[in-house]
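A.B. asks: next come a sequence and a model predicted from it.
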Amino acid sequence: MADDEHALAATVAAGPAQDQTVRDEANAALGANVTYATPGRATTGAGKAAVLPRVAGEALVHDGRERYAIKRVLGAGGMGEVALAEDQDIGRSVAVKYLHAPSDGALVARFVEEIHTVGSLEHPNIVPIHDVGVDDQGRYFFVMKHVEGETIENVIEKLAAGDPAYHARYTFTARVELFMGLLRALQFAHARGFVHRDIKPANVMVGKFGEVVLMDWGVAKATKSTSAPAPAMPDALAEALPNERARLFTTRTGSLIGTPAYMSPEQARGDIEAIDERSDLYSACVLFHELLTLHHYMEDRQTLADMLQAIIAGNVNVVSFSNANPAQGAVPAELLYICSRGLRKEPGERFQSAAEMIDQLAATLDGRVKVQCPVTLTKRMTRELGRFVDRHPFLGVSFVGTGVLLLLWSAVSTVWLLAR
């Protein structure tokens, strides 16, 4: 967007059929004068159609076509739907997010807030916004980069089903690297005063080049803002689902904000003031644990009340699913311990920043395993012995006895774990 102020004003522009009260509410939320958009077209600051002419021979032909040609719906949520479209000016695929009910002032305010949030977060791991406007049905929309790929939710499903191609591609090391991409997005957003509040596998895309992109900032919160938060909205989509279990994995926008199955304890209590960066990191660790074990850590909870109570006060046993899927080996103990710390009930006992978590994961990938138990001690000793041999190859041959001791220690560790 070349002119952010006018483009954002176009986002809350209303056609003649729109109610004046809604226009006033949207205008107040934006803090700028409304510029009316040409229906069905992208707009410039002057409100004129920005569709480029076609080249026909040596002539430029204006054929009146719409800039964004919708191909199919990609998904729907509480606020609106996202469609795949072709940007006919540039000749590329884009994702267009439409607002469901432009006559709802609260919905418009939150939609504008999402545009402000994503528009201020330019980062390789965060989906960028290209354009905003109003279509010929009077629906507000914004245009995003279309990430070709799949969600982490889909990756988990394929891994859980035992797909050999996915297990070959997404080793435990590869899954850690994916997760670190998500953490980098959170590190950037948190540094700029935003918490996402809806981290879950369905909101993280893995692109065709392996890039990780955090999507759907519709319920994000500005932690340093002095303005009133966007008003709560009815959870119509979640409540309309016939399966109560499915409701636990659907974003809520009312008194509870976020997706119940991935909420932090403070989110589950509805304690909005207590939600900060560490809440996002809790949700991220739920995702990470599921990506590693291929099981949701509270998959036995079937109702909203049970799920929320377990999140707030229940015991979290991250090791219980460490070897639960026959399609893969046991999850490395050092990764489960990282999950364990990230899922502490008290925010002060968790990782305090995404950067801290990235550092520990990077150390783990480098073999600098933090000693937590006999297994991690054995891994650390084995690594250090290997580094010693690399540095002193001629001395290494004299340490055969040390290798025997390590084998004995591994046996003792295994017996200890089985007994436990």
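C.D. replies: Received it, and whenever you're ready, just let me know what you need.

A.B. asks: put the alpha carbons of whichever strand or helix holds R341 into CSV.
C.D. replies: In this structure, R341 sits in helix 333-342 according to DSSP states H and E. C-alpha atoms of helix 333-342 as CSV (Å, rounded to 0.1, in the frame of the first residue of the first chain):
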residue,chain,number,x,y,z
ALA,A,333,13.5,-36.2,26.1
GLU,A,334,15.2,-32.8,25.8
LEU,A,335,12.4,-31.5,23.6
LEU,A,336,9.7,-32.8,26.0
TYR,A,337,11.4,-31.0,28.8
ILE,A,338,11.3,-27.8,26.8
CYS,A,339,7.5,-28.3,26.4
SER,A,340,7.2,-29.0,30.1
ARG,A,341,8.7,-25.7,31.0
GLY,A,342,6.6,-23.9,28.4
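
A.B. asks: how about N323, what does it touch?
C.D. replies: 329-331 (C-beta atoms under 8 Å, 6 or more residues apart in numbering). Quick note: C-beta positions are derived from backbone N, CA and C, even for glycine.

A.B. asks: make it 10 Å
C.D. replies: 293, 329-331 (C-beta atoms under 10 Å, 6 or more residues apart in numbering).

A.B. asks: shaky segments in the stretch 301-420 of the chain?
C.D. replies: Counting by pLDDT under 70, the stretch 301-420 of the chain shows low-confidence ranges at 369-420.

A.B. asks: ok, now the chain?
C.D. replies: In the chain, residues with pLDDT under 70: 1-64, 77-78, 101-104, 225-243, 369-420.

A.B. asks: what does the domain assignment say about it?
C.D. replies: According to automatic domain parsing, the chain comprises the domains 4-145, 149-365, 374-419.

A.B. asks: thinking again about what came up before, which one of the contacts of N323 is nearest E177?
C.D. replies: V331 (15.6 Å; C-beta to C-beta).

A.B. asks: quick one, the helix or strand just after the helix holding R341 and helix 333-342 angle?
C.D. replies: Sequence order places helix 354-365 as the next helix or strand after helix 333-342, per DSSP H and E. Put simply, helix 354-365 runs at 160 degrees to helix 333-342, going by axes from the mean of the first three to the mean of the last three C-alpha atoms, to 10 degrees.

A.B. asks: buried residues in helix 354-365?
C.D. replies: 354, 357-358, 360-361, 364-365 (16 or more other C-beta atoms under 10 Å).

A.B. asks: same check on stretch 195-212?
C.D. replies: Under 16+ other C-beta under 10 Å, the buried positions of stretch 195-212 are 195-206, 212.
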